[in-house]
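Asker: Here you go, sequence then predicted model.
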Amino acid sequence: MTENASSHSHSQTEADQAGTGSQTDPTAVKDPETWVTGDEPATGAQLSYLRTLATEAGEQVPDDLTKAHASEMIDELKSRSARVSEG
């Protein structure tokens, strides 16, 4: 493996883990219900991704989602998504 491929792989791993902490540090993962900002409105990025997943699953996205609820809904729909499961 070349140095470029190695650093790309490392940065991708960090990006994949962004917001969830290290996969080797289970204390870094927080339940969305305990987030300080969990009761704030869902972000645009969350809503965009959630709408994509919901469309594929034949689900509806509520209008008044919080960040915490959007995160939980994303996790649920990802677990049922054929596209996410294939990757």
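Answerer: Thanks, I have it.
Asker: low-confidence ranges in the protein?
Answerer: 1-29, 33, 84-87 (pLDDT under 70).
Asker: hey, where'd the helices end up in the protein?
Answerer: Using DSSP state H, the helices found in the chain span residues 3-17, 44-57, 67-80, 82-86.
Asker: Check which residues of the third one are buried.
Answerer: By that I understand helix 67-80. Of all the residues in helix 67-80, those buried under the rule 16 or more other Cβ atoms under 10 Å are 67-74, 77. C-beta coordinates here come from the backbone N, C-alpha and C atoms, glycine included.
Asker: For Gly38, grab the count of nearby residues.
Answerer: 17 (other Cβ atoms under 10 Å).
Asker: That one and Ala68: what is the separation?
Answerer: Going from Gly38 to Ala68 by Cβ to Cβ, to the nearest Å gives 3 Å.
Asker: Which neighbours do these two have in common?
Answerer: Pro32 (Cβ atoms under 8 Å, 6 or more residues apart in numbering).
Asker: Could you find the closest non-adjacent residue to Val61?
Answerer: In this structure, Val61 finds its nearest non-sequential neighbour in Ala54, 4.9 Å apart by Cβ to Cβ, 6 or more residues apart in numbering.
Asker: so what's the one you found up against?
Answerer: So Ala54 contacts 60-61, 73, 77 (Cβ under 8 Å, 6+ apart).
Asker: Swap in 7 Å and give it another go.
Answerer: With contact taken as Cβ atoms under 7 Å, 6 or more residues apart in numbering, Ala54 is in contact with 60-61, 77.
Asker: Pipe those into JSON lines and attach distance to Leu47 per row.
Answerer: Output for the contacts of Ala54, formatted as JSON lines (distance: Cβ to Cβ, whole Å):
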{"residue": "Gln60", "distance to Leu47": "13"}
{"residue": "Val61", "distance to Leu47": "7"}
{"residue": "Leu77", "distance to Leu47": "13"}
